[in-house]
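Q: The following comprises the amino acid sequence and a computationally predicted model.
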Amino acid sequence: MRSQAPKYVTIRALLEVRWERSMLPGDRLPSEAELCADFGVSRATVQQALGMLERDGVIRRDQGRGTFYVGPVGSRTEQEPSRLLETLIQEREGSETRVLRHALERPPARVARHLGLSRDDRVVTIERLGLVEGGPLVFIETYLPVALGSKLLADLAQLSRMSLAAVLSDDHGVPIAAVQQVIAARLSDPRYAPALGIEVGVPVLEGERIYLDGAGHPVFCTISTYRSDRHAFVMHVKDWR
């Protein structure tokens, strides 16, 4: 599938990842001509990509000396796939959750499938933004059957807590026995890119979770989209053979 993002947006994302892996702060960047040849694009496209990186503080231009790598902007949270980000950062200084939207509406097709609903059923949709150190990190879409979602909407203050699963379990006695999670790489969508402070079409990480009761039945599901420049999943493997 061809990305609909402008070329300079894609190149900006590729350069940021490449330089974080291969450069140290203070290293001189390749020339614009070298980058044009590397990516097979025009100088104007490269200049737009570099302009975005300079604006974000990833690189700096020194008049008469060249352009240099500054380093990643901000710190990156790290999370083991088996741990939920909500429990990882809920006690972290400077973290907060903002409720952006809640509604009663038809579920997306895959959400309906996960919850065993028809497309004509309704779900409670809650969209929230998780921030760490004052910056947006994750856009969280939560989908709940109406009877369950109504428990949360009855007290809107609950929605600002990072872990809605903990709210449902601790405050409402809803059993959560396990979480099934799928992690995938995606391109950012216009629905949430502005909230995350990123361009449309840049790489993001998506964690889709289905919360299950003791019998293995779905209770609710979430789709969490992480800024890939501020978050990483880390796995420690013992059985490496």
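A: Thanks, I have it.

Q: Can you find which helix in the protein contains the most residues?
A: With secondary structure taken from DSSP state H, the chain has its longest helix at helix 7-22.

Q: Could I get the buried residue list for that one?
A: 7-13, 15-16, 19 (16 or more other CB atoms under 10 Å). For glycine as for every other residue, the C-beta is placed from the backbone atoms N, C-alpha and C.

Q: now those residues as TSV including distance to residue 178 and pLDDT?
A: Formatted as TSV, these follow (distance: CB to CB, whole Å; pLDDT from 0 to 100):
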residue	distance to residue 178	pLDDT
7	43	85
8	43	87
9	38	84
10	37	84
11	41	87
12	39	85
13	34	81
15	40	88
16	36	82
19	40	87
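
Q: Tell me the one of those nearest residue 189?
A: Distance to residue 189, by CB to CB, is smallest for residue 9 among these, at 13.4 Å.

Q: Might one say that the closest one is in contact with residue 199?
A: Yes - applying CB atoms under 8 Å as the test, residue 9 and residue 199 come out as touching, 4.7 Å apart.

Q: Can you check which residues contact both of these two?
A: Residues touching both residue 9 and residue 199 (CB atoms under 8 Å, 6 or more residues apart in numbering) are residue 52.

Q: Tell me where this protein has helices.
A: Using DSSP H, helices in the chain cover 7-22, 32-39, 43-55, 85-89, 109-115, 146-153, 164-166, 172, 193-196.

Q: Show me what the third one is packed against.
A: What that stands for is helix 43-55. The contact analysis (3 or more CB pairs under 8 Å, 6 or more residues apart in numbering; DSSP states H and E) places helix 43-55 against helix 7-22, helix 32-39, strand 59-62.

Q: Compare those and give me the one nearest residue 103.
A: Closest among the helices and strands packed on helix 43-55, using CB to CB: helix 7-22, at 29.9 Å.

Q: Which strands and helices lie in contact with that closest one?
A: Helix 7-22 packs on helix 32-39, helix 43-55, going by 3+ CB pairs under 8 Å, 6+ apart.

Q: who's in contact with the shortest one?
A: By CB under 8 Å, 6+ apart, the surrounding residues in contact with helix 32-39 are 11, 14-15, 30, 42-43, 45-47, 50.

Q: Most neighbours among these, which one is it?
A: residue 46 (25 neighbours; other CB atoms under 10 Å).

Q: so what's it scoring on pLDDT?
A: Residue 46 carries a pLDDT value of 93.

Q: before we move on, what about residue 108?
A: Value listed for residue 108 in the pLDDT field: 89.

Q: for the residue nearest to it when sequence neighbours are not counted, what are its contacts?
A: Spatial nearest neighbour of residue 108, excluding adjacent residues (CB to CB, 6 or more residues apart in numbering): residue 143 at 7.8 Å. Residues in contact with residue 143, defined by CB under 8 Å, 6+ apart, are 107-108, 111, 115, 123-125, 220-223.

Q: If residue 143 is in a bridge, with which residues?
A: With DSSP bridges as the criterion, residue 143 is bridged to residue 125, residue 221.

Q: One more: residue 59?
A: residue 69.

Q: quick one: contacts for it?
A: Residue 59 is in contact with 29, 50, 53, 67-70, counting by CB under 8 Å, 6+ apart.

Q: So residue 50 sits against residue 67, correct?
A: Yes - shown here, residue 50 and residue 67 form a contact pair, counting by CB under 8 Å, at 7.0 Å.

Q: List the contacts of stretch 184-200.
A: 3-5, 9, 12, 52, 100, 127, 129, 135-139, 201-206, 208, 225, 227-228.

Q: what about the closest residue to residue 141 other than its chain neighbours, distance to residue 54?
A: Counting by CB to CB, 6+ apart, residue 141 lies nearest to residue 223, which is 4.6 Å off, once chain neighbours are set aside. Residue 223 sits 33 Å away from residue 54, taking CB to CB, to the nearest Å as the criterion.
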